[in-house]
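> Show me how the following folds:
(one chain, ligands or ions: 2)
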Amino acid sequence: MDMDIDVYTYLVRPDAATIWRNKEVVNRLSWYYKVMKKLRPPKYIIAKYIPVEEPDGSNLEIMFREHDRARDAFLKLYRDIESGGESIDGMERPKYSFLDLKIDIAREILKKCGLCEWNCNVNRWEGRKGVCGLDSYSYVGSAFLHFGEEAPLVPSGTIFFTGCSLKCVFCQNWDISQNPNAGVKVTPKELADIALELDERGAKNINYVGGNPDQDIHNVIESLRYMDVWIPLLWNSNMYMTLNALDILIDLIDIWLPDFKWWDEDHAFRYSRIKRYREVVTRNLKIVYDYGSDIIIRHLLMPNHIECCTYPILEWIAENTPDVLVNIMDQYRPEYKASYDERFKDIGRRINRDEVLKAYSYASKLNIVYEPIS
Ligand code: SF4
Ligand SMILES: [Zn+2]
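Ligands and ions are numbered 1, 2, ... in the order given. Prediction:
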């Protein structure tokens with residue numbers, strides 16, 4: 001006989017229930033909390049109620065202008081709903097909405113792909129592939145109820161996409177992140193069916209992850225057309241997306257779960273084969289934060305990178321995004337190339353107790369809230 005999912009969650013992750021007694025966590029994730037408790041509709045549903053003039057043609061500049069105009073209306077409705085002054089009950093859905101416009105913009109961007117800062121400029125609709133290795137299709141490596149995420153997220157309805165814009169030599173999910181075809185090809189409708197199934201099985205959120213989900217934005221947001229359930233959407237990303245991609249996503253995501261790995265640009269290049277990492281990630285994090293989004297930042301402690309990367313990252317967070325929750329992660333273990341390649345010997349070990357304590361005490365000194373979820 002199937003066990004009730006709440007009972008099962010309580011048995012395997014009792015902290016997923018008790019975490020909400022922590023006022024600091026409720027305050028910092030207040031929108032997510034309300035949507036998860038089904039007290040408010042998720043943002044993607046609100047976006048379906050904003051009428052937009054259907055663009056005549058496919059000029060991105062004109063489309064984005066219309067998008068900016070629609071955002072004002074969206075934000076007004078969102079804020080009214082958030083405060084409890086307005087509800088979507090009885091409201092009519094327009095023929096063409098803010099969400100529809102976003103779908104059309106994303107489809108357009110894919111013709112010269114600029115979803116992430118590699119800006120490959122390839123036409124993925126014609127089957128061309130850029131650095132992430134993906135054409136216009138999305139491939140799902142797996143999808144399941146995840147009980148290992150941060151306590152406020154458990155159980156998380158996780159959907160793993162293949163492909164990634166980063167090439168981390170220590171990637172734990174390298175089998176899907178570096179092999180774009182390692183999953184099942186899905187249409188937006190099928191993607192929605194997966195999310196709906198996870199919702200039905202008791203997921204607290206739909207968690208788009210990978211690999212990385214940014215290269216699949218066009219399919220994810222189109223899948224929202226086929227969904228109408230009240231469940232928060234979570235974006236679990238390396239944050240290397242472009243401003244255009246972020247512009248499309250930012251209104252639709254109820255909670256963000258970004259990685260912030262490196263501070264030193266040379267280290268980002270050496271271990272993740274990426275340029276301008278810090279520049280792009282700090283830019284995007286700041287935008288998402290200033291928008292008022294709920295965020296849990298994940299920082300993976302790396303052996304021998306506490307002073308050069310962890311400390312300045314924590315300082316940046318304390319100064320620029322002080323109201324986020326931070327997960328300081330100590331579970332690094334050398335995998336993929338870091339487990340056998342002599343060149344990466346310096347990260348070929350686990351993190352030690354001393355490094356963890358140094359990171360924790362530095363975070364405490366900066367008043368960063370990490371304890372409830374680290
Ligand atoms: S998502 Fe990024 S890496 Fe992939 S094709 Fe587009 S710009 Fe290139
Ligand atoms: Zn470093």
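> who in the chain is up against ligand 1?
Within the chain, the positions lying close to ligand 1 (CB under 6 Å from any ligand atom) are 113-116, 118-120, 122, 130-132, 134, 165, 215. Where you see a C-beta, it was placed from the backbone N, CA and C, and this is true even at glycine.
> Which members of the residues you listed are the farthest-apart pair?
Farthest pair in those (CB to CB) is N119 and L134. Separation: 14.9 Å.
> which of the two has more neighbours?
Each of N119 and L134 has its neighbours counted (other CB atoms under 10 Å); L134 has more, 24 against 14.
> Ramachandran angles for that one?
L134 adopts backbone torsions of phi -110, psi 140, taken as degrees, to the nearest 10.
> Next, work out how far apart it and M91 are.
Distance from L134 to M91, counting by CB to CB, to the nearest Å: 37 Å.
> repeat for I50
Taken as CB to CB, the span from I50 to M91 is 10 Å.
> What of K102?
19 Å.
> higher neighbour count, the two?
It is K102, of K102 and M91, that has more neighbours when counted by other CB under 10 Å, with 26 against 12.
> Specify the local secondary structure of the more buried one.
When classified by DSSP: H, G, I helix; E, B strand; the rest coil, K102 comes out as helix.
> Name all residues that make contact with the residue nearest to M241 when sequence neighbours are not counted.
Computed as CB to CB, 6 or more residues apart in numbering, the closest residue to M241 that is not its neighbour in sequence is D214, at 4.5 Å. D214 makes contact with 115-116, 165, 237-238, 240-241, 245, according to CB atoms under 8 Å, 6 or more residues apart in numbering.
> that older thread, if any of the residues of the chain next to ligand 1 are buried, give me the PyMOL selection for them.
Of the residues of the chain next to ligand 1, the buried ones go into a single PyMOL selection, burial set by 16 or more other CB atoms under 10 Å:
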select buried, resi 113+114+115+116+118+120+122+130+131+132+134+165+215
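> possible to save the residues of the chain next to ligand 1 as TSV with secondary structure and pLDDT?
Below are the residues of the chain next to ligand 1 laid out as TSV (DSSP: H, G, I helix; E, B strand; the rest coil; pLDDT from 0 to 100):
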residue	secondary structure	pLDDT
C113	coil	98
G114	coil	98
L115	coil	98
C116	strand	98
W118	coil	97
N119	coil	98
C120	coil	98
V122	coil	98
G130	coil	94
V131	coil	94
C132	coil	93
L134	coil	95
S165	coil	92
Q215	helix	97
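> Going by distance to I5, which of the residues of the chain next to ligand 1 wins?
Using CB to CB, the residues of the chain next to ligand 1 come closest to I5 at Q215, 31.0 Å.
> I appreciate the help and will end here.
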